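Visitor: Sharing a model that was predicted from the sequence below.
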Protein chains: 2
Amino acid sequence: MVQYSSTPLDASFAALSDATRRGVLAQLGRADASITDLAQTFHMTLTGMRKHVRVLEQAELVTTEKIGRARTCRLGPRHLDEALAWLEWYRQLWDARFDELDEIVLDLGAKE
Amino acid sequence: MVQYSSTPLDASFAALSDATRRGVLAQLGRADASITDLAQTFHMTLTGMRKHVRVLEQAELVTTEKIGRARTCRLGPRHLDEALAWLEWYRQLWDARFDELDEIVLDLGAKE
DNA sequence: CGCATACTGAACTACATGGTTCAGTATTCG
DNA sequence: CGAATACTGAACCATGTAGTTCAGTATGCG
């Protein structure tokens, strides 16, 4: 198949499609945390959590910095504006289709 | 691993993490389409497109109906409100952290 | 009826994902 | 120095994903 990483939008949505990663973002919203902190919260191994954090890093939702032996994770620079914009656009699309349906229904009513 | 399908939010974000599927939503926003129509637009086999459509169906973003030998796909009942709400919440979280940082910077400035 | 069209299902390929364990390395602290 | 802590990398497993081909079935049309 060859995934070749595609667009940043793909990466954002993919990163958000996992409940653990959304939880990590929530925790980092309250305070920065180490891999150990996060691993404890979500009851998984350091290695497992590191992988989630790396996915979030690659989607630019989280940045990390290794200080001494600990790696500190914090909320990253991406606002998810792109993802939000896409969803808003989609909602408008959907609403437009719905209005159209309304019109058809109204037209049918007018005929009687 | 055992994926057991988790939350609808997972399904929504996962469905949106593929450019082809976002394109299908866009096309269905303009008009309903058959599997053949969609497969042609995105240059893939019927079987391949059917799989994408099924993912969108399972995320309740698209509904389909088989009429005669053709399957008609249309934009589904889900507004993606949940996904939007999550992203909005996340943005507020991020903004809050940013404001906090601003305060720290301002405090540092006041000290001089 | 017979052919073309539209889809479906199974099997296969190649790679991604979400997790684990185990065996390291690097850092801190007594 | 030596032990504990914090992370890392490689290897592995089971399953999911994005596509294909090929061999059907079901429908519509001349």
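Guide: Done, it's in. Numbers count the residues shown, from 1 in each chain, chains lettered A, B, ... in the order given.
Visitor: Now A:Glu60. Nearest residue, chain neighbours left out?
Guide: Once flanking residues are discounted, A:Glu60 sits nearest to A:Arg78: 4.3 Å by C-beta to C-beta, 6 or more residues apart in numbering or on different chains. Backbone N, C-alpha and C define where each C-beta goes, glycine included.
Visitor: gap between the one you found and DNA strand C?
Guide: Counting by C-beta to the nearest atom of the strand, to the nearest Å, the gap from A:Arg78 to DNA strand C is 17 Å.
Visitor: sec struct for that residue, please.
Guide: Counting by DSSP: H, G, I helix; E, B strand; the rest coil, the backbone at A:Arg78 sits in coil.
Visitor: domain parsing for chain A?
Guide: Per automatic domain parsing, the domain ranges recorded for chain A read A:1-78, A:79-112.
Visitor: ranking those by mean pLDDT, which is last?
Guide: Looking at those, the lowest mean pLDDT belongs to domain A:79-112 (a mean of 68).
Visitor: So which residues of chain A form helices?
Guide: Secondary structure of chain A (DSSP state H): helices located at A:8-16, A:19-30, A:35-41, A:46-58, A:81-111.
Visitor: Let me have those helices in JSON lines, extended by mean neighbour count and distance to DNA strand C.
Guide: Formatted as JSON lines, the helices of chain A follow (neighbours: other C-beta atoms under 10 Å in any protein chain shown; distance: least, C-beta to the nearest atom of the strand, whole Å):
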{"stretch": "helix A:8-16", "mean neighbour count": "21", "distance to DNA strand C": "5"}
{"stretch": "helix A:19-30", "mean neighbour count": "18", "distance to DNA strand C": "5"}
{"stretch": "helix A:35-41", "mean neighbour count": "17", "distance to DNA strand C": "8"}
{"stretch": "helix A:46-58", "mean neighbour count": "17", "distance to DNA strand C": "3"}
{"stretch": "helix A:81-111", "mean neighbour count": "13", "distance to DNA strand C": "16"}
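Visitor: In a markdown table: those helices, plus distance to B:Thr41.
Guide: Shown next, in a markdown table, are the helices of chain A (distance: least, C-beta to C-beta, whole Å):
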| stretch | distance to B:Thr41 |
| --- | --- |
| helix A:8-16 | 19 |
| helix A:19-30 | 32 |
| helix A:35-41 | 42 |
| helix A:46-58 | 29 |
| helix A:81-111 | 16 |
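Visitor: nearest to B:Ala83, of these?
Guide: Among the helices of chain A, helix A:81-111 comes nearest to B:Ala83, with 6.0 Å by C-beta to C-beta.
Visitor: you'd agree A:Leu61 is up against A:Leu25?
Guide: Yes: between A:Leu61 and A:Leu25 there is a contact at 6.4 Å, judged by C-beta atoms under 8 Å.
Visitor: any residues in contact with both of these two?
Guide: A:Leu75 (C-beta atoms under 8 Å, 6 or more residues apart in numbering or on different chains).
Visitor: hang on, the earlier thing: residue contacts, the residue nearest to A:Glu60?
Guide: So A:Arg78 contacts A:12, A:59-61 (C-beta under 8 Å, 6+ apart).
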